[in-house]
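*Asks:* Need coordinates for the following:
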Amino acid sequence: MAEFNDTEMKIIHATFAILQKEGFTKATTKKIAAEAEVNEVTIFRKFQNKNNLVEITKEYYLQILFDKLADIFDFNEDDE
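*Replies:* Sure thing, here's the model as predicted:
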């Protein structure tokens, strides 16, 4: 998983929260910035655009899900 600094993590978590509340169409970088308590310019500087931010957010949370599933099922190639 990519390494994110504190500001980037705030933005990723805020993006997830806004997407849950508003859906993709109504989720704006302005709303995400307000939720993350950062300037909207920071989002564009770090993630370029909304689509890229949403893609990174999706990948981040999918990796968490996969990691949890791996822990639950203890996937290990040596156990075959």
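*Asks:* what's the burial count for the residue nearest to A36 when sequence neighbours are not counted?
*Replies:* Closest residue to A36 in three dimensions, ignoring its sequence neighbours and counting by C-beta to C-beta, 6 or more residues apart in numbering: A14, at 3.6 Å. In this view, the C-beta of every residue, glycine as well, is placed from N, C-alpha and C. Counted by other C-beta atoms under 10 Å, the residues lying close to A14 total 22.
*Asks:* How many neighbouring residues does N52 have?
*Replies:* For N52, the number of neighbouring residues by other C-beta under 10 Å comes to 13.
*Asks:* how much space between it and K58?
*Replies:* As judged by C-beta to C-beta, to the nearest Å, N52 and K58 stand 11 Å apart.
*Asks:* Make sure T7 is actually in contact with T42.
*Replies:* Yes: using C-beta atoms under 8 Å, T7 is in contact with T42, at 6.6 Å.
*Asks:* center of this structure, which residue is that?
*Replies:* In the chain, the residue lying closest to the centroid (C-alpha atoms, centre = their mean) is T57, at 2.2 Å.
*Asks:* Is that one in a helix, a strand, or coil?
*Replies:* Assigned with DSSP: H, G, I helix; E, B strand; the rest coil, T57 falls in the helix class.
*Asks:* OK, contacts around the residue nearest to A36?
*Replies:* If you count contacts by C-beta atoms under 8 Å, 6 or more residues apart in numbering, A14 has them with I32, A33, E35, A36.
*Asks:* and V38, what helix or strand is that in?
*Replies:* In this structure, V38 sits in neither a helix nor a strand according to DSSP states H and E.
*Asks:* separation between it and T29?
*Replies:* In this structure, V38 lies at 10 Å from T29, with C-beta to C-beta as the measure.
*Asks:* how long is stretch 19-35 end to end?
*Replies:* Counting by C-alpha to C-alpha, to the nearest Å, the length from the leading to the trailing residue of stretch 19-35 is 11 Å.
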